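K.L.:
return a 3D structure for these sequence lines:
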Amino acid sequence: MYVFGLVLLVLTVIFFKRTINILNPIVLYCVVWGTMIFLYLIPLFTSFPSITPRKWLIIVGTVVLFSTGSLLVTSLVHVQNIKKNYVYNLKIIQYIVIILLFVVFTAFVVTVTQLGLPPLLGGNINRADYYVSYIEPFYLLIFPFWFLNIYLIKCNYKAGFNVFLIVLSLLLVLLKGNKFPLVFFIGLVIFYLGVDRRAKVGHLICLAFVVIGVFGLSSTFITRATDQVIQAQNIILGVNVPSRLRFIVDPILYFTNNLLNITNFFDIQSPYSYGAQLFSGFFHDLGIDSLTNQLIVTNESLWSGNLQFSWLTTGSYLKVLYLDFGYAGVLVGSLLYGIICGLFYVNIRDLKMNNSLIKLYVYYLLFLSVLLSFFTSYLSENGLIYNFFVIIIVHVLSQRRTSNAK
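P.N.:
Below is the predicted model of the structure:
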């Protein structure tokens, strides 16, 4: 463990001042999946079962296909003639940001009224169940709130005031005990850092330590591991992790176990759901999820019965593609995924902050989905339509004028 840390330290010193285009989907995808494969293959963790060459070929094939699709688009497509330069009334966006924070705060207060104190303050309800179904969509408006708030900071509009609003919102998130909103927020910071400049590797390393710190705080104050859980984690990893390094166990397990889950399922014949898994979030938001529920429940039951460890249930974005279309979905889906990410990246690369709020938000969702691709299919999550609709409204209300660029 200490030798591994020393190697990482040496690499950090070498590359600390180098820059990287973190918004490039090829770079991001290869970093995420390269880390995933690297952690699995290094001899540090000795209890991981072997993966057959055929399954490795599929995994590596998805990386190659995603990169190929994205490379074709980013190499061939260039946005040279800017037809519209979007200019927004930042004052209107600021008012909307304040309204969104008020709605989020109200949703939090109503949740506390209905369920009692949140877990961090001694509440009896598990953090995963600490929500009211008809109130949660209002609380999740914290995502477009952050997106618009950081947009204002990026435009140098009342930066101090908007940082203050962010701090208030983060306090709500910490009290509620959710980790994912923090990941969304950190992803936004990385995204806006990379919109109009190449990010320094050193800055990204600092942000990586922030992410690790989030897991550390969560392990200390929110999800304290019992002795039984610690023993099980040590058995899975094949190494006794010192108590002071215990906070890195969850990230390592998330990266490595998803690889095991999806490759295990490659041997299972399941009924194809033909897009029901991939678009489950959209169906839910549109209120028509009852049309596909039975098929999803059947496949999820089959998935749950073939997990490497019953309490680690995720399987990367490949899980959704495989359940929907089998091997063809995994391979062709990865290629199309790379093409779509490449198309939106070209707009960010060439137009930078001159993009509309809508395009910026869509590419951020794609960026986040690639960032989380080792873990889940983020584009299949609930609530995306609601939040996207908010961004459309803000775009319409605050767009002051468009001018032809020369």
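K.L.:
let me see the ranges of the helices in the stretch 1-150 of the chain.
P.N.:
2-15, 25-41, 53-76, 90-115, 136-139, 142-154 (DSSP state H, counting those that start in this stretch).
K.L.:
Pro25 touches Cys341, doesn't it?
P.N.:
Yes: taking contacts as CB atoms under 8 Å, Pro25 lies within contact range of Cys341: 3.8 Å. C-beta here means a position set from N, CA and C on the backbone, and glycine is covered the same way.
K.L.:
okay, and the common contacts of these two?
P.N.:
Jointly contacting Pro25 and Cys341 under the rule CB atoms under 8 Å, 6 or more residues apart in numbering are Phe66, Ser70, Leu366, Phe367, Val370.
K.L.:
which of the helices of the stretch 1-150 of the chain is buried the deepest?
P.N.:
Comparing these by mean neighbour count (mean count of other CB atoms under 10 Å), helix 142-154 ranks first with a mean of 23.
K.L.:
after it, next one along is what?
P.N.:
helix 159-176 (DSSP states H and E).
K.L.:
from the chain's centroid, how far away is that following helix?
P.N.:
20 Å (CA atoms, centre = their mean, to the nearest Å).
K.L.:
C-alpha coordinates for that helix, CSV please?
P.N.:
The C-alpha coordinates for helix 159-176 follow below in CSV (Å, rounded to 0.1, in the frame of the first residue of the first chain):
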residue,chain,number,x,y,z
ALA,A,159,-19.2,36.3,-7.4
GLY,A,160,-19.0,36.8,-3.6
PHE,A,161,-22.8,36.7,-3.2
ASN,A,162,-23.1,33.6,-5.3
VAL,A,163,-20.4,31.8,-3.4
PHE,A,164,-22.3,32.6,-0.3
LEU,A,165,-25.5,31.0,-1.8
ILE,A,166,-23.5,27.9,-2.7
VAL,A,167,-22.2,27.6,0.8
LEU,A,168,-25.8,27.7,2.2
SER,A,169,-26.9,25.1,-0.3
LEU,A,170,-24.0,22.8,0.6
LEU,A,171,-25.0,23.0,4.2
LEU,A,172,-28.4,21.6,3.3
VAL,A,173,-26.8,18.8,1.3
LEU,A,174,-24.5,17.9,4.2
LEU,A,175,-27.3,17.8,6.7
LYS,A,176,-29.4,15.6,4.4
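K.L.:
can you check what angle separates the helix or strand following that helix from helix 142-154?
P.N.:
Using DSSP H and E, the helix or strand that follows helix 159-176 towards the C-terminus is helix 180-194. Interaxial angle of helix 180-194 relative to helix 142-154 (axes from the mean of the first three to the mean of the last three CA atoms, to 10 degrees): 30 degrees.
K.L.:
how about helix 180-194: buried residues?
P.N.:
181-194 (16 or more other CB atoms under 10 Å).
K.L.:
not counting sequence-adjacent ones, nearest residue to Tyr361?
P.N.:
Ile391 (4.6 Å; CB to CB, 6 or more residues apart in numbering).
K.L.:
and for Asn299?
P.N.:
That would be Leu323: by CB to CB, 6+ apart, it lies 4.9 Å from Asn299.
K.L.:
for the residue nearest to Tyr361, what are its contacts?
P.N.:
Pro144, Phe147, Leu148, Leu357, Ile358, Tyr361.
K.L.:
change it to 7 Å
P.N.:
By CB atoms under 7 Å, 6 or more residues apart in numbering, the contact list for Ile391 reads Pro144, Leu357, Ile358, Tyr361.
K.L.:
and the helices of the stretch 1-150 of the chain: which comes nearest Ser270?
P.N.:
Ranking the helices of the stretch 1-150 of the chain by proximity to Ser270 (CB to CB) places helix 53-76 first, at 15.8 Å.
K.L.:
and the pLDDT for the closest residue to Leu90 other than its chain neighbours?
P.N.:
Nearest residue to Leu90, sequence neighbours excluded (CB to CB, 6+ apart): Tyr157, at 4.5 Å. In this prediction, Tyr157 carries a pLDDT score of 92.
K.L.:
would you check that Tyr157 makes contact with Asn89?
P.N.:
No: contact between Tyr157 and Asn89 fails when scored by CB atoms under 7 Å: they sit 10.5 Å apart.
K.L.:
hang on, the earlier thing: how about a markdown table for the buried residues of helix 180-194, with distance to Tyr131 added?
P.N.:
A markdown table is the format used below for the buried residues of helix 180-194 (distance: CB to CB, whole Å):
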| residue | distance to Tyr131 |
| --- | --- |
| Pro181 | 12 |
| Leu182 | 16 |
| Val183 | 17 |
| Phe184 | 16 |
| Phe185 | 18 |
| Ile186 | 22 |
| Gly187 | 21 |
| Leu188 | 22 |
| Val189 | 25 |
| Ile190 | 27 |
| Phe191 | 26 |
| Tyr192 | 28 |
| Leu193 | 31 |
| Gly194 | 32 |
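K.L.:
make JSON lines out of these and add pLDDT.
P.N.:
Output for those, formatted as JSON lines (pLDDT from 0 to 100):
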{"residue": "Pro181", "pLDDT": "88"}
{"residue": "Leu182", "pLDDT": "85"}
{"residue": "Val183", "pLDDT": "85"}
{"residue": "Phe184", "pLDDT": "91"}
{"residue": "Phe185", "pLDDT": "92"}
{"residue": "Ile186", "pLDDT": "87"}
{"residue": "Gly187", "pLDDT": "88"}
{"residue": "Leu188", "pLDDT": "92"}
{"residue": "Val189", "pLDDT": "88"}
{"residue": "Ile190", "pLDDT": "86"}
{"residue": "Phe191", "pLDDT": "90"}
{"residue": "Tyr192", "pLDDT": "90"}
{"residue": "Leu193", "pLDDT": "84"}
{"residue": "Gly194", "pLDDT": "83"}
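K.L.:
ok, of the residues you listed, which one's closest to Ile268?
P.N.:
Looking across the buried residues of helix 180-194 and measuring by CB to CB, the closest to Ile268 is Val183, at 29.5 Å.
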